[in-house]
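# one predicted model, sequence on top.
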There are 2 protein chains.
Amino acid sequence: MALPAHRPVLDYLHRHQERYLDELREFLRIPSISALSAHQADVRRAAEWLGARLARAGIHDVRVDETQGHPVVFAQSSFTAERPTLLVYGHYDVQPVDPLDQWVSPPFEPTVRDSILYARGASDDKGQLFMHLMALEAWLSTGVLPVNLKFLFEGEEEIGSPHLGQYIREHQAELAADVALISDTPMMGEELPSICYALRGLATMEIRVSGPSQDLHSGVYGGTVMNPAQALAHLIDTLYDASGRIAVPGFYDQVDPLSDREQSELSQLPFDSEAYKAQLGVPELAGEPGYTPLERLWARPTLDVNGLWSGFTGEGQKTIIPATAHAKLSCRLVPHQDPERILDLLEAHLQHHCPPGVQLHVTHRSGSPASVTSLDHPAVKAAESAIELVYQRPAVHIRMGGSIPVVSDFQETLSVPTVLLGFALPDECFHAPNEHFHLANFYRGAQTVAIFWEKLGATHA
Amino acid sequence: MALPAHRPVLDYLHRHQERYLDELREFLRIPSISALSAHQADVRRAAEWLGARLARAGIHDVRVDETQGHPVVFAQSSFTAERPTLLVYGHYDVQPVDPLDQWVSPPFEPTVRDSILYARGASDDKGQLFMHLMALEAWLSTGVLPVNLKFLFEGEEEIGSPHLGQYIREHQAELAADVALISDTPMMGEELPSICYALRGLATMEIRVSGPSQDLHSGVYGGTVMNPAQALAHLIDTLYDASGRIAVPGFYDQVDPLSDREQSELSQLPFDSEAYKAQLGVPELAGEPGYTPLERLWARPTLDVNGLWSGFTGEGQKTIIPATAHAKLSCRLVPHQDPERILDLLEAHLQHHCPPGVQLHVTHRSGSPASVTSLDHPAVKAAESAIELVYQRPAVHIRMGGSIPVVSDFQETLSVPTVLLGFALPDECFHAPNEHFHLANFYRGAQTVAIFWEKLGATHA
């Protein structure tokens, strides 16, 4: 029986470990803070560094593409029809570093202490992005790539990816792929290498309840008109039943329930309610009855009030009946809820319950569906095999409660499912002082990525 | 049978009509805008003009008293134990005049057109205040005052009377009286001379619902914590039942119902619902079932939301679970509701209904009771007689939905009931451009006041 093709690749990664760390430090020294215009040149310098590094790894085609904002770095291997095509996404921009005085070592002077690399961007996302370049160079230096590769690295993730959607739409054909891989999320825990296969979607709207044509004196007029703030409170209260379920008729109709396997796996994941409550500062947890907190976070839809405003909100008192009352509402959606349908149901429910004497106006509807990749997808299987080989334990399958816009774009614009294979730990201070990355996971991540490609390539045979 | 004592008084008023109008114009020419510091000297000038005018009328004792703000003008007649003592309140300050370009004639150049006097302060309140000086001079010039008189004229009514409460407390003994009279309100309508005998009270509080220690990402955490804005909406919604009644247990317990006579009189007052709805811009009226709009405005308590705020209220979306949610609440109270008791009931109800996972905090409680003067009070009887003599028709008895702080102070600090005898018409543009006062009511008002004193004096015999 022949040795697996990844053997020399892993050897290569091991031999060049020190050089890779030095190169990552070089990458981390560039203060590519996308939010601060003073760092605009640094962001471009990071893009160019990345383009040059991809070229040096030997990939066929590298470009630094202009956008209306910071550049996109795109690269692709030579194409062979027999191989599956993998789209790799990452971002080379980083968060601002305030408060600077809380950093033990300067954010842009990468420092290793106790086998942990400290720097802004170490885990989010330069360190995780760089693992893919290491795997690329190792494969190209030792054999033949087992997959067609496309790299999409943006410089605006930390400012909400304002130009990425357009870039993806404009480069739809070029970005065509069988599956996408992103390493920009944490693992469930230190000994819990994780495959994230589903994200929740989002549906939002703004509502305005309007009553009298102007604020009224509550003494002179109180008792004869419906108070818009009271009406708004009533409308919001009708959205939930006494148990905590969402009371909008049809809201749960399209929800794809967890499979027995998913439910069973999810029930085995650790969740420390006491620690969670202490972290959030709440006396008790809440939510839909009949589901565990992780089920509620990952596999059940929600409806939250994000903002409320009406009438007089300053210091002191102004005893008015406000002319209007406003709320911002948002739903987190799960597979297979349709955002437009959910917004329609919500709007119909609110109109139905709107009291006499006021009018309801719905504005700013927007939505994007949940993303899910089947646990039977070859890329999930390939990731499981790779993790088991490297970590010597089975991967856990996780979901996430939030949305990642690029995953929605891949699903909606490219029809490409995404697997999120993150190697950061949940407490590595992304967006905070002393961001760091465990070097053990940095090296194991690169190995996992390299083997994942091999396993994914094999599924196409 | 002897002629009534007021005969020469009315003759005197009639003979000096033109001079009185000239004097009122002089008073109105002083731009005593209390809200604008640029007019501070004008406010003082108006106080001094008033003090001098009172002295010229021949009253025993006149003072211009300093406060922390604008002066109080105090005057009193010589005292005779056999006569009842009447405390007369008015204010010599006026509202600002913006927008100036909408005035047909300049606000401080009093102009008569079609027997209507146009000027800032014509009806609110210099014109109505001056009627009492005319009656004073007429009585002192023609005979013996039928009552002991005390005049309290302030210069800060239009800025919320910030120093009057303290002045009244400090001059409690000096202000002692049997009853107070105020001419600073409108009549019900042109041919409806009115005696206002009751005002609603006020109880206010601010509430804060607090959940997580900071705003949370609604994707990452949504489904596990109670949303404070949702909880606040629920709490507000529990305050009302489906019919529109206030659902706080005990809220209506102390309400003094209208007597059969009051209810009957009130049902005969005009109220044009269609015009009212059009004026307010509401599609339908609302409020407590089983009562007419005037009953709801004047004789039933209310509970209004004056302000709401929580979470993200800017443009766009920020999908958070807010850490806190806030509301300002106020109740209009009727006789004999105790503000402290109402606030206690409200607070207990809210605490009882506060959902798990959040906490409710109540702050900024404040209140003042409703004011009411019995329809059987001698001063009400005296006012009825005076109105009937002058207007040749019976007075209507009205209430008001708002509160007037000085009336509360008279009731609470001095234990003096108040009768509101106003001669302005509801549409005379108080606080707006082209404020005016019908001269017919100016003269009839002075006559009514003069006869009221006589009738009130007679009740003491």
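Looks like it arrived, so ask away.
# and A:Phe130, what does it touch?
A:20, A:23-24, A:27 (Cβ atoms under 8 Å, 6 or more residues apart in numbering or on different chains). From N, CA and C alone the C-beta is placed, and that goes for glycine too.
# one more time with 6 Å, if that's ok
Neighbour list for A:Phe130: A:Leu24 [criterion: Cβ atoms under 6 Å, 6 or more residues apart in numbering or on different chains].
# so which helix or strand takes in it?
helix A:126-142 (DSSP states H and E).
# and that helix, which residues are buried?
A:126-140, A:142 (16 or more other Cβ atoms under 10 Å in any protein chain shown).
# give the contact list for the residue nearest the centre of chain A.
Centroid-nearest residue in chain A, with Cα atoms, centre = their mean: A:Ile404, separated by 3.4 Å. When contacts are counted by Cβ under 6 Å, 6+ apart, A:Ile404 touches A:Leu199.
# tell me the domain ranges of chain A?
As given by automatic domain parsing, the domain ranges for chain A are A:6-199+A:370-459, A:201-255+A:301-368.
# pretty sure A:His364 is in a helix, no?
No. Under DSSP: H, G, I helix; E, B strand; the rest coil, A:His364 sits outside any helix and is assigned strand.
# may I have the beta-bridge partners of the spatially closest residue to A:Arg200 that is not a sequence neighbour?
Counting by Cβ to Cβ, 6 or more residues apart in numbering or on different chains, A:Arg332 is the residue found nearest to A:Arg200 once chain neighbours are left out, at 4.3 Å. On the basis of DSSP bridges, A:Arg332 is bridged to A:Leu202, A:Thr302.
# if I read this right, A:Arg332 contacts B:Tyr221, doesn't it?
No. Using Cβ atoms under 6 Å, A:Arg332 is not in contact with B:Tyr221, being 10.0 Å away.
# next one: stretch A:297-310 to chain centre, how far?
Mean-position distance between stretch A:297-310 and its chain equals 18 Å (Cα atoms, centre = their mean, to the nearest Å).
# and A:Lys381, that one's in a helix?
Yes. Assessed by three-state DSSP, A:Lys381 belongs to a helix.
# quick one: distance of the helix holding A:Phe130 to the chain centre.
Chain-centre distance of helix A:126-142: 22 Å, with Cα atoms, centre = their mean.
# specify the angle between the helix or strand that that helix is followed by and helix A:126-142 in degrees.
Of the helices and strands lying after helix A:126-142 in sequence (DSSP H and E), the nearest is strand A:148-154. Strand A:148-154 runs at 150 degrees relative to helix A:126-142, counting by axes from the mean of the first three to the mean of the last three Cα atoms, to 10 degrees.
# contacts for strand A:148-154?
A:50, A:72-77, A:79, A:83, A:85-92, A:164, A:177.
# which of the residues you listed fall in strands?
Among these, DSSP state E puts A:72-76, A:85-91 in strands.
# max pairwise distance over those: which two?
Pairwise distances across these (Cβ to Cβ) peak at 20.9 Å, for the pair A:Thr85 and A:His91.
# the more surrounded of the two?
Counting neighbours by other Cβ atoms under 10 Å in any protein chain shown for A:Thr85 and for A:His91 shows that A:His91 has the greater number, 29 against 22.
# what pLDDT does the model give the residue sitting furthest away from the middle of chain A?
Seen from the C-alpha centroid of chain A, the residue lying at the greatest distance (Cα atoms, centre = their mean) is A:Val220, 52.1 Å away. Reported pLDDT at A:Val220 in the predicted model: 90.
# run through who's touching the strand or helix carrying it.
Following DSSP H and E, one finds A:Val220 within helix A:218-221. Residues from elsewhere that reach helix A:218-221, judged by Cβ under 6 Å, 6+ apart: A:319-321, B:304, B:330, B:332, B:401-403.
# counting neighbours, which of those comes out on top?
A:Ile321 (30 neighbours).
# roughly how far apart are that residue and A:Val225?
6 Å (Cβ to Cβ, to the nearest Å).
# which of the contacts of helix A:218-221 lies closest to A:Ile159?
Nearest to A:Ile159 among those, with distances taken as Cβ to Cβ, is A:Ile320, at 39.2 Å.
# how about the residues of the stretch 101-250 of chain A near chain B?
The stretch 101-250 of chain A has residues A:204, A:211-213, A:218-220, A:222-227, A:229-230, A:233-234, A:236-237 near chain B, with proximity defined as Cβ under 6 Å from any Cβ of the partner chain.
# remind me which residues of chain A are low pLDDT?
A:1-3, A:460-461 (pLDDT under 70).
# switch to 50 and redo it
A:1 (pLDDT under 50).
# for it, longest helix please?
Ranked by residue count and defined by DSSP state H, the top helix of chain A is helix A:439-459.
# how far off centre is that one?
Distance of helix A:439-459 from its chain centroid, counting by Cα atoms, centre = their mean, is 21 Å.
# stretch A:340-355 now?
29 Å.
# identify each buried residue in that stretch, please.
A:341-343, A:345-347, A:349-350, A:353-355.
# for A:Gln279, state which of the residues you listed is nearest.
Closest to A:Gln279, out of all of the buried residues of stretch A:340-355 and judged by Cβ to Cβ, is A:Ile342, at 29.6 Å.
# quick one, phi psi at that closest one?
phi -60, psi -40 (degrees, to the nearest 10).
# again, but for A:Leu258
Residue torsions, per degrees, to the nearest 10, at A:Leu258 are phi -60, psi 140.
# number of nearby residues for it?
20.
# isn't it right up against A:Ala299?
Yes. Counting by Cβ under 6 Å, A:Leu258 sits close enough to A:Ala299 to count as a contact (5.1 Å).
# between the two, what contacts are shared?
Common neighbours of A:Leu258 and A:Ala299 (Cβ under 6 Å, 6+ apart) do not exist.
# sort out which residues of the strand or helix carrying A:Tyr20 are buried, please.
Following DSSP H and E, the helix or strand that holds A:Tyr20 is helix A:17-28. Across helix A:17-28, burial judged by 16+ other Cβ under 10 Å covers A:20-21, A:23-25, A:27-28.
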